[in-house]
Each structure stands twice: as structure tokens, then as C-alpha cells.
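>>> Whatever this is, show me its structure:
(one chain, ligands or ions: 2)
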Amino acid sequence: MVDKKLGGAGLRGQSAGETKLCTVGKSGTGLTYCGYDVSDLADNATFEEVAFLLFNGELPNQAQLDAYKAELRQMRDLPQALKEVLQRIPKDAHPMDVMRTGCSFLGNLEPETDFSEQNRAANRLLAAFPAIMTYWYRYSHQGIEIDCVTDEDSIGGHFLKLLTGNTPSELHRRVIDVSLILYAEHEFNASTFTARVCASTLSDMFSCITGAIGSLRGPLHGGANEAAMDMIQTFKSPEDAKIQMAGMLERKEKIMGFGHAVYRTTDPRNVIIKRWSEKLAQEFGDTSLYDISVACEEYMWDTKKLFCNADFFHASAYHFMGIPTKLFTPIFVCSRLTGWAAHVMEQRDNNRIIRPSADYIGPEPRKVAPIAKR
Ligand SMILES: CC(=O)SCCNC(=O)CCNC(=O)[C@H](O)C(C)(C)COP(=O)(O)OP(=O)(O)OC[C@H]1O[C@@H](n2cnc3c(N)ncnc32)[C@H](O)[C@@H]1OP(=O)(O)O
Ligand SMILES: O=C([O-])CC(=O)C(=O)O
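Numbers count the residues shown, from 1 in each chain. Ligands and ions are numbered 1, 2, ... in the order given. The predicted model follows:
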């Protein structure tokens, strides 16, 4: 087998454009949105404030925030035609395929016909995604047609109430809000770059977001939080985790939830979500999952100098909140939508079609032989 040629592969380290939205691995704890450190936002802002920041470049004042949240609350319900489509998607479908179809179908019902409608389109998706995910999930898994409107003030609380039908605790509301903040934006990652490439052809918002969902679905990107959960649940104890992981590394398997394309020693979101995971573990009465997760983190650092990315402790945190594993990556969609849409808007503001070149490594020029002679 030919050795894998890396070098500039994956466009790693190459600048593919400018952005005002985000820095990754550059200053402060390593991640900023429009100049604000993500840890500052996670401590002192809400997800709706972060969405407003990404769409407008500035944090809202109280009146702006109240108006923005009221606007989003009014956009939560799903059209009947979309509910009917969601009812037809089978139980064993991949939830990211459900999100992709939901997004795309909404774009048929309420298309963005002009770029002046871009904020409306982005906000509509932001308000509707929790219901798209949970309407399908509860219909296909529990046979329940949920009411897609709740009295929950925040997007995170709204999602949790749609998922269970119960009013979430303050702790759960807070953790899901922090999680949505942490996942919101990350510069030119694979899914955001997908959205920007699509935007650069002057396509519509729904197409850009649908494409981005497809890119986020893979286990090397957003799908890692689910894959991490599946892995951790096979470990019986911290000691067993180390033995199993040693075997995985020996077999050259990727350990999901570890490593990063940009960060080299730490992902600044990990310390934040890890802290919340520990708090949830105490509330949940967990006696193993959190400790196993910590053992994984220590082992990977000690043996490979690989660190937890944002996904790893999200797995246990979501699990302790009673969220089914298959919905982990769709929650990422509900959050990263803000970054995707902001990048689409930024691309449109100063657009040139994105069209790189390739180094040709195929056969020399040749003639087509008659089919009988091939
Ligand atoms: C929210 C997010 O999307 S964060 C990313 C989520 N994805 C994951 O958690 C999947 C697991 N991680 C990975 O596959 C990778 O670390 C990626 C895809 C995130 C980054 O990929 P790259 O930029 O190619 O990684 P990088 O160049 O740092 O890899 C260096 C070496 O470490 C290895 N490595 C990196 N991550 C891992 C891992 N999780 N498990 C085992 N080995 C790993 C690579 O195979 C490579 O080894 P090699 O030089 O022998 O080929
Ligand atoms: O930036 C990346 O490559 C992956 C990503 O989206 C993130 O870590 O949130």
C-alpha cells in the first residue's frame, strides 16, 4: 500500500479567506466569537445573545434581546406539510438525515427568494430545528404527535421540553444553553466551509445549511459526540477503558472525541463542558461514566498526547440529561447553524466563487480504444 501523502492535505494550515466571526487557537483561551472569549460567553451570555452576536457583529442590549427572543419564539411551529414529511421518515433513519431533509423541505415551503430575507431564513431554522428533530423522534419512537410550541423562554429549554414533554430543571436549561454556545461557531471547519462554498455560488440559505448538515454528519466532525458515547458505554471501568483503548490504538483505530485539526494541546471548550458533566454526574448519581471518561482523557494524554475535543465530555453531559445518543449530533446542528448562517452572510458580503485548483496526478494523455479492444 502506498504511504499516505499528507503535507498540505486537507488544506491544513492554509488560509482560504477572511472572517470577522471567529479565531481558533490564536488568542485568550483559544476560541473567540467576534472578539469575545468563548469562556466569557459561556459564563456571561445566553445562546440567543451569541446568535445575535454572530448575525449582527455586536451583543444585543436588553431591549434588542427581548425583541429577538420574542421573534424566535413566534417562529417555532412547523408547517403541517413538514410534519407530514417527518411522519414518513422511518424510525431507523439517521437523525442527521432527518435534519437534512427537514431543512431542505422547509426551504421548499418558505424559500429564501432574495438575500434581503437571509436573516428571516436563518432565524426560522434556528427556531424550527428543535421541533424538526423532536417531532420526528417522538412520532417515530413513541407514536406521539407533539405540539411544537412550548412556553419555554430559551431555545435550549424549548428543545428539552419538546423532547420529554416535561419542564426542564434550571441546571439542565443552563447546561444545554452552555453547550449551544460552545458549539456555535468554529471558523473554517469542514461544515462551515461547505456552507461558504455553496454560498459562493450565490445559492440560497437553505441549500447552504442543508449541505453543511451533510458535512457535519460524519464521525470525523460532528458525529464524534455520538461515536464517543457508544465507545465509552462499552468500557466497564476506568481500568477496562485503558485496556480497551490500548487495543484500539494498537489497531490504529481513531478514538472519537480526541484530537483536533487546529488545536494542538487542548480544546478550550473541553474544560467548560467537562465541569458541567461532573456537576450533572453528581445530580444523576453516576458512579462510573464520568470516572471512565476522565480515565480515557488521562490515558490518551499520557500515551499519545492527544486531548479531548469539544465532543468528548459532551457525550456524558448529554447522557446525564437523558438525551438519547442518536440526537447528540442534531443538537450540534441546532447550535452550529448560527455559525454557518453567519458565514453565509459574510461570504455574500464580499463574494467570489470558491474554486481552487488541483494538482493532476492521473494518466498521461491517451486515446480512447474501441470497446472491443479494452
Ligand atoms: C467538533 C469537532 O468536529 S471536533 C473533531 C471531532 N472528531 C473526532 O473526535 C474524531 C477523532 N479525531 C480525528 O479523527 C482527528 O483528530 C481529526 C479529524 C479531528 C483531526 O484530524 P487531523 O488534522 O488529520 O489530525 P492530526 O494531523 O492532528 O493527527 C496527527 C496524528 O494523530 C493521530 N490522531 C489524531 N486524532 C486521533 C484520534 N482521535 N485517535 C487516534 N489517533 C489520532 C492521527 O492519525 C495522526 O497520526 P499519524 O501521523 O500516525 O497519521
Ligand atoms: O474546527 C474544526 O475542525 C472542527 C469543529 O467544527 C469544531 O471543533 O468545532
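
>>> give the contact list for whichever residue of the stretch 251-374 of the chain sits closest to ligand 1.
Across the stretch 251-374 of the chain, the shortest distance to ligand 1 (C-beta to the nearest ligand atom) belongs to Gly259, at 2.4 Å. For glycine as for every other residue, the C-beta is placed from the backbone atoms N, C-alpha and C. By C-beta atoms under 8 Å, 6 or more residues apart in numbering, Gly259 lies in contact with Leu306, Phe307, Asn309.

>>> Can you get me a residue count around the first one?
Other residues near Leu306 come to 18 when the count uses other C-beta atoms under 10 Å.

>>> That one in helix, strand or coil?
For Leu306, the assignment made with DSSP: H, G, I helix; E, B strand; the rest coil gives coil.

>>> Please look at it and Ile255 and confirm they touch.
Yes. Contact criterion C-beta atoms under 8 Å: Leu306 and Ile255 qualify, at 7.2 Å.

>>> Are there residues contacting both of these two? Which ones?
Jointly contacting Leu306 and Ile255 under the rule C-beta under 8 Å, 6+ apart are Met300.

>>> Spatially, what comes nearest to the residue of the stretch 201-350 of the chain found nearest ligand 2 if we skip its sequence neighbours?
For the stretch 201-350 of the chain, the residue closest to ligand 2 is Ala261, as judged by C-beta to the nearest ligand atom, at 4.1 Å. Take Ala261 and drop its neighbours on the chain: the residue closest to it by C-beta to C-beta, 6 or more residues apart in numbering is Arg12, 6.6 Å away.

>>> Tell me the spacing between the one you found and Ala190.
According to C-beta to C-beta, to the nearest Å, Arg12 and Ala190 sit 12 Å apart.

>>> What of Leu171?
The gap separating Leu171 from Ala190 is 32 Å, by C-beta to C-beta.

>>> Looking at these two now, which is surrounded by more residues?
More neighbours surround Ala190 than the other of Leu171 and Ala190, with 17 against 14 (other C-beta under 10 Å).

>>> Quick check: the more buried one touching Ser215?
Yes. Between Ala190 and Ser215 there is a contact at 4.9 Å, judged by C-beta under 8 Å.

>>> hey, what's in contact with both of these two?
His221.

>>> quick one: contacts for the residue of the stretch 51-200 of the chain found nearest ligand 1?
Nearest residue of the stretch 51-200 of the chain to ligand 1: Asn189, at 6.3 Å (C-beta to the nearest ligand atom). Counting by C-beta under 8 Å, 6+ apart, Asn189 makes contact with His221, Ala261.
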